[in-house]
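S.K.: pasting the structure only:
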């Protein structure tokens with residue numbers, strides 16, 4: 001962090017360039033200027049580990065073995081001002097309800113994490129990750145207190161994580177607020193974010209990413225596009241707004257697809273946008289070749305799209321592929337299997353300042 005931000009950005013740009021330089025025709029890639037972040041107060045999501053006691057809770061990270069005691073992070077420069085301002089009110093809420101923080105060493109207690117996400121106009125989603133449903137009724141009954149302490153809170157949930165494991169959240173989510181989704185302005189549209197839906201950590205840089213992908217899609221002249229791993233519809237809906245006539249978005253989470261459909265209806269593009277809750281790879285493999293699109297966008301998890309999907313794309317004859325990756329090493333591995341495509345343009349998106357993590361998007365075209 002003491003390294004000046006412009007130097008950090010140049011270092012990450014160089015590293016991304018070196019990774020992609022191992023690919024055929026890498027010297028022909030046009031690197032666009034890196035999408036920079038603000039160096040502080042950029043993180044619109046917080047994952048607070050809860051420690052200490054009900055009387056003296058900590059919100060921050062888990063300390064080292066053998067005690068794994070909670071470590072406060074009240075002055076982290078990554079969190080937005082709005083998220084940072086929730087720390088003391090959340091502690092007051094824990095004290096008032098006497099919620100017992102989970103003790104990792106002794107495997108007792110209830111409250112494991114508090115996850116906070118900031119949306120449009122400082123609106124917040126607050127998720128209490130609990131060991132069980134023991135305090136569910138208590139949390140429901142004290143919602144008005146939470147709203148008085150944190151007026152920006154709009155979506156409040158209880159997530160159940162019974163396992164003693166190094167996980168941030170469990171599979172069961174109970175929304176206890178009236179509002180079910182968080183509005184989040186990203187790029188040129190307002191998405192609806194469900195409690196377990198993926199969103200980018202850095203909203204400002206994500207906006208630049210969505211606009212870039214939409215520009216590439218529009219520039220390609222594609223009249224049809226698939227957005228695989230579409231989440232709540234960021235890429236798919238930006239492409240539709242950018243003029244792509246027919247768009248299909250595929251995401252395994254039904255909740256995320258429901259949110260994307262809500263946004264598409266608000267935008268008036270629902271007749272041109274098909275949103276499907278399915279495994280992206282299985283869905284793609286099941287489509288008739290006559291219905292393949294003119295462009296495809298993939299935005300997979302860190303592991304990448306994998307061998308089967310990379311080889312399928314390579315044999316598909318789809319003219320344009322746009323690949324957004326949060327882990328350039330898996331991006332390179334996948335692109336090595338897609339040798340019927342040529343890299344045209346690439347751009348670094350600095351989602352994670354002061355870290356070694358990188359987001360990189362590339363535009364590929366089918367070799368004639």
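M.R.: Looks like it came in fine. This one's a predicted model, so the numbers in the text were calculated from it and none came from an experiment.
S.K.: quick check: buried residues in stretch 53-66?
M.R.: Buried residues in stretch 53-66, counted by 16 or more other C-beta atoms under 10 Å: 54, 57-60, 62. For every residue, glycine as well, the C-beta is placed using N, CA and C.
S.K.: ok, residue 246 touching residue 272?
M.R.: Yes. If you go by C-beta atoms under 8 Å, residue 246 and residue 272 touch, sitting 5.9 Å apart.
S.K.: what about the helices in the stretch 201-350 of the chain?
M.R.: For the stretch 201-350 of the chain, helices defined by DSSP state H, counting those that start in this stretch occupy the ranges 203-220, 234-241, 254-267, 280-286, 306-314, 328-335.
S.K.: ok so, going back, pLDDT and secondary structure for the buried residues of stretch 53-66 - can I get that in a markdown table?
M.R.: Below are those laid out as a markdown table (pLDDT from 0 to 100; DSSP: H, G, I helix; E, B strand; the rest coil):
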| residue | pLDDT | secondary structure |
| --- | --- | --- |
| 54 | 97 | coil |
| 57 | 98 | strand |
| 58 | 97 | strand |
| 59 | 97 | strand |
| 60 | 96 | strand |
| 62 | 95 | strand |
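S.K.: ok, so of those, who is nearest residue 192?
M.R.: Proximity of these to residue 192 (C-beta to C-beta) peaks at residue 59, which lies at 27.1 Å.
S.K.: average model confidence for stretch 79-98?
M.R.: Predicted confidence along stretch 79-98 averages 97 (mean pLDDT).
S.K.: what residues are up against residue 22?
M.R.: For residue 22, the contact set (C-beta atoms under 8 Å, 6 or more residues apart in numbering) comprises residue 332.
S.K.: helix/strand/coil for it?
M.R.: Following DSSP: H, G, I helix; E, B strand; the rest coil, we place residue 22 in the coil state.
S.K.: quick one: it from residue 336, how far?
M.R.: Between residue 22 and residue 336 the computed distance is 8 Å (C-beta to C-beta, to the nearest Å).
S.K.: same question for residue 305.
M.R.: Counting by C-beta to C-beta - residue 305 and residue 336 are separated by 12 Å.
S.K.: also residue 242?
M.R.: According to C-beta to C-beta, residue 242 and residue 336 sit 30 Å apart.
S.K.: got any ranges where the chain has weak pLDDT?
M.R.: For the chain, no stretch has pLDDT under 70.
S.K.: before we move on, back to that, of residue 305 and residue 336, which one has the most company?
M.R.: Between residue 305 and residue 336, counted using other C-beta atoms under 10 Å, residue 305 has the larger neighbour count: 28 against 12.
S.K.: next up, the contacts around that one.
M.R.: 228, 281, 298, 313, 323, 334.
S.K.: in a markdown table: these, plus distance to residue 120 and neighbour count.
M.R.: Converted to a markdown table, the contacts of residue 305 look like this (distance: C-beta to C-beta, whole Å; neighbours: other C-beta atoms under 10 Å):
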| residue | distance to residue 120 | neighbour count |
| --- | --- | --- |
| 228 | 27 | 24 |
| 281 | 33 | 19 |
| 298 | 27 | 25 |
| 313 | 35 | 24 |
| 323 | 28 | 26 |
| 334 | 34 | 23 |
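S.K.: picking that back up, can you tell me which of the buried residues of stretch 53-66 lies closest to residue 119?
M.R.: Of these, the one sitting nearest to residue 119 (C-beta to C-beta) turns out to be residue 59, at 20.2 Å.
S.K.: tell me the contacts of that closest one?
M.R.: 48-50, 70, 72-74, 87, 90-91, 114.
S.K.: tell me the bridge partners for it.
M.R.: Legend: beta-bridge partners of residue 59 under DSSP bridges are residue 50.
S.K.: mind checking how far it is from residue 128?
M.R.: 12 Å.
S.K.: need the overlap of contacts for those two.
M.R.: Common neighbours of residue 59 and residue 128 (C-beta under 8 Å, 6+ apart) are residue 114.
S.K.: can I assume residue 189 is in contact with residue 240?
M.R.: No. In this structure residue 189 lies outside contact range of residue 240 using C-beta under 8 Å: 9.4 Å.
S.K.: which one's more surrounded, those two?
M.R.: Remark: of residue 189 and residue 240, residue 240 carries more neighbours, 26 against 20, as counted by other C-beta under 10 Å.
S.K.: buried ones in stretch 77-95?
M.R.: Within stretch 77-95, the residues scored as buried using 16+ other C-beta under 10 Å are 78-80, 82-84, 86-87, 89-91, 93-94.
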